[in-house]
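Peer 1: kindly generate the corresponding structure for this input.
(one chain, ligands or ions: 1)
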Amino acid sequence: MHLTLRQLKVFESVARHLNFTRAAEELFLTQPAVSMQVKLLETHLGLALFEQLGKSVHLTEAGQEVLGYARNISQQLDELEAVLNRMKGLAGGKLRISVATTANYFIPTLLGTFSRRFPEITVSLDVTNREILLQQLSENTVDLVIMGQPPAEADVKAADFMENPLVIVAPPEHALAKQKKIPLKRLQDEVFLVREPGSGTRIAMERFFTEREIQLKTGMEVGSNEAIKQSVQAGLGLGLLSRATIEQELELKRLVELDVAEFPIMRHWYMVHRKGKRLSGVAEAFKDFMLKEARALIGVVTPSPTSPGQRKRR
Ligand code: PGA
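Peer 2: Numbers count the residues shown, from 1 in each chain. The predicted structure is shown next:
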């Protein structure tokens, strides 16, 4: 068969309109040019595709058959074009993301998978505190920001891609380590280590206890998750951390997650950018990847009612 894509395209248009003149208008061709393409196609195929009854045009049985294939082929070509366009946009592209310090515990794993899938993409990753993230958002200096709480202002778009449970941790020998359903009020007898002002974790912690009128005794202010974990292990107080940060310490039994009523505090992780921002092909690909795969790749931790403090992957 020597038919051409052009003939199929012209045929599809005539078959859709059942009118040569309208097809010609749609394709910016003259009516004789359209008739010529259809005639050539019919000659190649050895069958008539249309029949003229009075003033109206009808598809023959062969015409109907060819129409089905012509549509499939044109759909496939559209898909191919979309795939190639995406590849053109991605090859040599650059992804600039900025993430909250706590997100650094899972982002490298996700970036690893993403980079293996799109090796041509260069990634620039900034790990910083909430204040800087907000500044970067307002100055539009990065493609996407990953944070625990999108700013309340209306001019950002935020997509929730994963749960972020916050839990209370203690050293394994702590008096509360084996206790079940510790009432919130009991926490008032303990000293808590807190993150620096501006930390999303700290803001969530303060809001949670203020809403419940629980006044915690706060001890040292500690500027990183790592330092909080070390200080809790050293017996300086209890810590409230994202569960994402304590995977190793739980496994090595250096810390335990306390079974406290109303815990974990269930927060979420968001990908945020300014409303109306035109994301690059690379940024769109990353966003899509995160929305579809982050939960499964990280193994989001859900609270287990039967065995408090245990991690459960799903
Ligand atoms: P962090 O976490 O600012 O406490 O590191 C981010 C967030 O939970 O918002």
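Peer 1: for the stretch 101-250 of the chain, which segments are assigned as strands?
Peer 2: Assigned by DSSP state E, counting those that start in this stretch, the stretch 101-250 of the chain shows strands spanning 122-128, 144-147, 156-170, 191-195, 217-222, 238-242.
Peer 1: please point out which parts of the third one sit buried.
Peer 2: Yep, that's strand 156-170 we're talking about. For strand 156-170, a neighbour-count test (16 or more other CB atoms under 10 Å) marks 156, 158, 161-170 as buried. (C-beta placed from N, C-alpha, C; glycine too.)
Peer 1: dump the residue contacts of the residue in the chain that the ligand sits nearest to.
Peer 2: The chain approaches the ligand most closely through G200 (1.8 Å), counting by CB to the nearest ligand atom. By CB atoms under 8 Å, 6 or more residues apart in numbering, the residues touching G200 are 100, 102, 130, 147-149, 267.
Peer 1: okay, now the closest residue in space to it that isn't next to it in sequence: neighbour count?
Peer 2: Using CB to CB, 6 or more residues apart in numbering and skipping the chain neighbours, the partner closest in space to G200 is G148 (3.9 Å). The local packing of G148 (other CB atoms under 10 Å) involves 21 other residues.
Peer 1: with A33 instead?
Peer 2: If we define neighbours as other CB under 10 Å, then A33 has 13 of them.
Peer 1: now do it against A158, distance only.
Peer 2: Distance from A33 to A158, counting by CB to CB, to the nearest Å: 52 Å.
Peer 1: mind listing what's buried along the helix or strand of the chain with the lowest mean pLDDT?
Peer 2: Lowest by mean pLDDT, DSSP states H and E among the helices and strands of the chain is helix 61-90, with a mean of 82. For helix 61-90, burial by neighbour count (16+ other CB under 10 Å) applies to 63, 66-67, 70, 90.
Peer 1: quick check: the farthest pair among these?
Peer 2: Greatest spacing in the buried residues of helix 61-90, by CB to CB: G63 and L90 (40.5 Å).
Peer 1: okay, and for the stretch 101-250 of the chain, where does confidence drop off?
Peer 2: Within the stretch 101-250 of the chain, the ranges that satisfy pLDDT under 70 run 154.
Peer 1: the ligand contacts on that one?
Peer 2: Contacts of the stretch 101-250 of the chain with the ligand, taken as CB under 6 Å from any ligand atom, map to 101-102, 129-130, 147-149, 195, 199-201.
Peer 1: and of those residues, the nearest to I182?
Peer 2: For these, the nearest to I182 is T201 (19.8 Å; CB to CB).
Peer 1: how many other residues sit next to the residue lying closest to the closest one once chain neighbours are set aside?
Peer 2: Here the nearest residue to T201 in space, its sequence neighbours aside, is R195; by CB to CB, 6+ apart that works out to 5.2 Å. As a burial measure, R195 scores 24 neighbours (other CB under 10 Å).
Peer 1: R195 bridge partners, please.
Peer 2: Counting by DSSP bridges, R195 forms beta bridges with V222.
Peer 1: OK, contacts around it?
Peer 2: Here R195 is in contact with 201-202, 205, 221-225, 228 (CB under 8 Å, 6+ apart).
Peer 1: out of the residues you listed, which end up buried?
Peer 2: Buried among these by 16+ other CB under 10 Å: 201-202, 205, 222, 225, 228.
Peer 1: follow-up on the earlier one: sheet-wise, list the partners of whatever helix or strand comes next after the least confident helix or strand of the chain with their directions.
Peer 2: Toward the C-terminus, helix 61-90 is succeeded by strand 94-100 as the next helix or strand (DSSP states H and E). As defined by DSSP bridges, the strand partners of strand 94-100 come to strand 122-128 (parallel), strand 144-147 (parallel).
Peer 1: right, I'll leave it there.
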